[in-house]
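Asker: here is my input, please return the structure:
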Amino acid sequence: MIEEVADKIENPQLEMAFNFVQYTNRNVFLTGKAGTGKTTFLHNLKKVSPKRMIVVAPTGVAAINAGGVTIHSFFQLPFGPFTPAQNDEDSKENRNVQKFTREKTNIIRSMDLLVIDEISMVRADVLDAIDDVLRRYKNKHKPFGGVQLLMIGDIQQLAPVIKDDEWAILRQWYNSIYFFSSRALNMTEYIGIELKHIYRQKDSVFINMLNKIRDNSIDEDLLTEINKRYDPEFAKNTPEGYIILTTHNHQARSINDRMLAKINDKEHCFKAHSQGEFPEYAYPTDKELILKEGAQVMFVKNDTSREKLFYNGKIGVIDKINKDNVVVKCNGDEECIMVELAEWQNIKYSINDATEEIQEEVVGTFIQYPLKLAWAITIHKSQGLTFEKAIIDASAAFAHGQVYVALSRCKTLEGLVLSSKLTQRSIISDTTVQRFSGKVSENQPRKDEFEKCQYEYQKELLVELFDFTPIRRQLAYCLKIYTENVGSLHEGLKNSLEQLITFVNAELLTISDKFKPHLYKMLELEPNAEKNQQLQERILKASKYYVEKINTGVLSVLEDIVIESDNKSVKKSIDKAIEKVKTEVLIKRACFEQCGHGFIVKDFLSTRAKASIEKPQKEKKKEKKKSDFEFTSKSITHPDLFEELKDWRKRKAEELDQPAFFVLHQKCLFQIIEQLPSTLEELQKIKGIGKKKVKAFGEEIIEIIERYCTDNRVNS
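Answerer: Numbering: from 1, shown residues only. From the prediction side, this is the model:
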């Protein structure tokens with residue numbers, strides 16, 4: 001299916017973007033003038049991409065339109081500036097880091113691609129905050145945790161919103177507020193792809209005007225030409241079919257209210273019906289929609305039926321209001337449109353229990369007529385819409401890109417009317433944006449660059465497959481925790497960790513290091529790993545070897561490790577570290593098992609992602625006490641005796657209303673089960689047990705030992 005879609009892409013820039021997203025791990029900034037098909041590209045990509053993707057956007061409405069979620073809700077970011085200082089280790093310990101659910105953590109751990117729509121409105125510090133979250137839950141050593149980014153938007157359009165006091169904080173770390181000033185992004189070699197073909201406008205003269213305004217290359221001749229569309233009297237009357245684009249919300253609201261009041265007809269109030277989670281800031285139209293017959297309205301949704309009678313932004317006039325529908329007549333259409341209630345869905349991402357795929361789960365709905373009053377709309381809310389006829393009021397333009405966004409909503413120059421003349425001053429442009437856009441336009445990737453990136457991506461995946469350094473690093477960290485807390489942990493743990501490190505070094509790392517030069521040579525002969533027959537054969541053999549070694553030399557030892565400590569903090573730390581080792585090992589084994597059938601990128605990604613998902617721990621059945629220690633016999637000499645002494649210590653501690661270590665420290669228990677003292681004198685020789693302990697508890701301890709030795713025929 002992917003190949004079929006790629007074949008149908010006639011636009012060379014779209015095809016290049018598709019290939020970079022699908023077959024490489026390079027971060028991509030997909031840009032282009034208004035009407036070049038960026039949104040359509042995203043919707044098509046969602047249908048066919050084998051990569052596990054999440055789609056986010058900076059605002060609620062943008063997220064609904066993109067079929068995703070907001071940046072702040074998905075990454076649980078606080079509102080306000082995020083400074084790079086918050087990445088310092090000391091700051092991380094002190095700041096209140098939002099805890100994620102297991103499902104959210106699993107989504108992040110297993111995702112391949114993060115799509116950020118309307119990137120022009122995303123601030124640099126927000127992108128760095130995303131990097132912080134992804135590193136925390138995925139791979140802390142790589143920008144954005146190793147997740148590929150697809151950033152979609154026109155930086156020449158609407159800019160990020162930032163308050164003066166926020167910029168006062170951020171300016172010491174950032175050159176600008178725009179996403180391309182992100183420190184994390186600039187640690188990557190991202191590429192920019194600019195879509196050239198404009199689908200919205202067909203008139204080359206109008207397209208040329210828009211391009212010059214977008215690029216801030218306007219001159220007096222252009223201003224003179226476009227100001228021919230200035231007609232203040234025409235704008236005052238607002239003829240049917242025209243919509244006024246204003247700069248501020250209160251202006252649009254005032255015009256709509258005034259025009260509705262002029263209609264001498266009955267008001268109809270339609271109350272929206274919402275269920276579940278659907279935040280008010282994401283409502284696509286009014287919760288209480290007040291309409292009259294004769295009112296000018298705009299569709300706020302595409303017609304999903306086969307007829308495709310309307311689209312988001314189409315203007316019409318209400319012909320009749322019935323009980324179950326609203327009849328709208330659009331200029332140029334022969335017949336009226338019977339408009340019925342429409343549904344918008346708010347989604348969240350979850351993991352499907354059966355398939356372990358990332359799925360879109362509907363958590364809320366909003367049901368209302370897909371209409372809103374349309375004598376006026378703000379330029380900001382018009383982004384992404386297309387109008388046949390519009391009156392532009394840009395006299396109060398206050399932000400970069402506003403005039404360009406407004407003008408580019410129109411399909412033709414003839415359908416555009418200016419209510420105020422455009423001047424050089426009203427076309428606000430940011431030189432930082434102009435420089436960045438110029439670099440993107442001048443440095444479009446070539447086919448040979450894509451082929452190189454595809455080769456590097458496959459090579460990186462294979463190197464990752466044969467890299468056992470993260471496992472060794474995590475084992476070394478476990479040993480570090482043991483060394484720092486040697487008095488609180490059993491010596492058997494140290495022996496197991498040292499055994500594992502030795503095995504990983506000798507049987508896994510050394511072998512893989514020897515294999516890598518051969519891997520590089522084989523890739524030089526045939527860069528496409530999936531088509532490299534010689535390499536595929538070697539991978540098959542290697543996979544069989546590593547699966548066997550992982551099972552017998554690593555997992556078998558890990559399963560025999562038992563963690564016992566009176567210090568709950570130490571036990572929690574070492575438990576967590578050991579679990580990380582197990583997770584790394586299980587992911588590695590799953591990937592090798594998959595490669596035992598051949599190395600295919602999409603299968604490798606799917607397997608790695610699913611293996612990264614943390615499964616809920618099943619409660620162990622406690623049929624008999626011994627079952628708790630069936631897997632720990634290699635770590636503790638007499639596990640049953642150890643459990644019996646622990647239970648006795650617990651009862652004593654409860655009787656005395658003291659912590660367990662007050663009765664006997666755990667290291668004393670370890671020495672007791674190793675030495676099996678049979679007299680009080682022998683018991684007193686154990687380090688940590690003095691005369692007072694022997695007098696208080698000695699006889700009970702000796703009795704427990706004697707009973708255990710008799711029952712199990714052990715010589716004490």
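
Asker: not counting stretch 450-457 itself, show me its contacts.
Answerer: Contact with stretch 450-457 is made by Met16, Asn19, Phe20, Tyr23, Thr24, Asn25, Arg26, Leu523, Pro527, Asn528, Val601, as judged by Cβ atoms under 8 Å, 6 or more residues apart in numbering. Backbone N, C-alpha and C define where each C-beta goes, glycine included.

Asker: so which bits of that stretch are buried?
Answerer: Neighbour counts over stretch 450-457 (16 or more other Cβ atoms under 10 Å) mark Phe450, Cys453, Gln454, Tyr455, Tyr457 as buried.

Asker: ok, the residues you listed vs Ala660, which is closest?
Answerer: Tyr457 (53.5 Å; Cβ to Cβ).

Asker: in which helix or strand does that closest one reside?
Answerer: helix 447-465 (DSSP states H and E).

Asker: quick check: mean pLDDT of that helix?
Answerer: Across helix 447-465, pLDDT averages out at 94.

Asker: and that helix, how far out from the chain middle?
Answerer: Chain-centre distance of helix 447-465: 23 Å, with Cα atoms, centre = their mean, to the nearest Å.

Asker: surely Thr607 and Cys591 touch.
Answerer: Yes. Proximity of Thr607 to Cys591 meets the contact threshold set by Cβ atoms under 8 Å, at 5.8 Å.

Asker: which two among the contacts of stretch 450-457 are spaced furthest apart?
Answerer: Going by Cβ to Cβ, the pair spanning these furthest: Met16 and Leu523, at 23.2 Å.

Asker: show me where the stretch 451-600 of the chain has its helices.
Answerer: 469-484, 491-503, 510-525, 533-549, 556-559, 568-595 (DSSP state H, counting those that start in this stretch).

Asker: can you redo these as CSV with distance to Pro84 and mean neighbour count?
Answerer: As requested, the helices of the stretch 451-600 of the chain are exported to CSV (distance: least, Cβ to Cβ, whole Å; neighbours: other Cβ atoms under 10 Å):
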stretch, distance to Pro84, mean neighbour count
helix 469-484, 25, 17
helix 491-503, 35, 17
helix 510-525, 35, 13
helix 533-549, 40, 16
helix 556-559, 38, 14
helix 568-595, 27, 18
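
Asker: could I get those in JSON lines, plus columns for mean pLDDT?
Answerer: Listed next are the helices of the stretch 451-600 of the chain as JSON lines, based on pLDDT from 0 to 100:
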{"stretch": "helix 469-484", "mean pLDDT": "93"}
{"stretch": "helix 491-503", "mean pLDDT": "89"}
{"stretch": "helix 510-525", "mean pLDDT": "93"}
{"stretch": "helix 533-549", "mean pLDDT": "95"}
{"stretch": "helix 556-559", "mean pLDDT": "87"}
{"stretch": "helix 568-595", "mean pLDDT": "92"}
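
Asker: which of these sits closest to Gln368?
Answerer: Here helix 568-595 is closest among the helices of the stretch 451-600 of the chain (Cβ to Cβ), at 45.9 Å.

Asker: after the closest one, next one along is what?
Answerer: Past helix 568-595, the next helix or strand by DSSP H and E is helix 601-612.

Asker: out of the helices of the stretch 451-600 of the chain, which gets nearest to His273?
Answerer: Comparing the helices of the stretch 451-600 of the chain under Cβ to Cβ, the one sitting nearest is helix 568-595, at 44.6 Å.

Asker: packing partners for the closest one?
Answerer: helix 447-465, helix 469-484, helix 533-549, helix 556-559, helix 601-612 (3 or more Cβ pairs under 8 Å, 6 or more residues apart in numbering; DSSP states H and E).

Asker: rerun that using 6 Å as the cut-off
Answerer: Counting contacts by 3 or more Cβ pairs under 6 Å, 6 or more residues apart in numbering; DSSP states H and E, helix 568-595 packs against helix 469-484, helix 533-549, helix 601-612.

Asker: mind checking the SS state of Cys269?
Answerer: strand (DSSP: H, G, I helix; E, B strand; the rest coil).

Asker: mind listing what it touches?
Answerer: Counting by Cβ atoms under 6 Å, 6 or more residues apart in numbering, Cys269 touches Glu288, Ile290.

Asker: beta-bridge partners for it, please?
Answerer: Beta-bridge partners recorded for Cys269 (DSSP bridges): Ile290.

Asker: how much space between it and Gln368?
Answerer: According to Cβ to Cβ, to the nearest Å, Cys269 and Gln368 sit 12 Å apart.

Asker: ok, now Leu461?
Answerer: Counting by Cβ to Cβ, the gap from Leu461 to Gln368 is 47 Å.

Asker: of these two, who's got more company?
Answerer: Taking other Cβ atoms under 10 Å, Leu461 and Gln368 do not tie; Gln368 has more neighbours (24 against 17).

Asker: quick check: phi and psi on the nearest residue to that one once chain neighbours are set aside?
Answerer: In space, and not counting its chain neighbours, Gln368 is closest to Ala272: 3.9 Å by Cβ to Cβ, 6 or more residues apart in numbering. Ala272 adopts backbone torsions of phi -70, psi 150, taken as degrees, to the nearest 10.

Asker: that'll do, ta.
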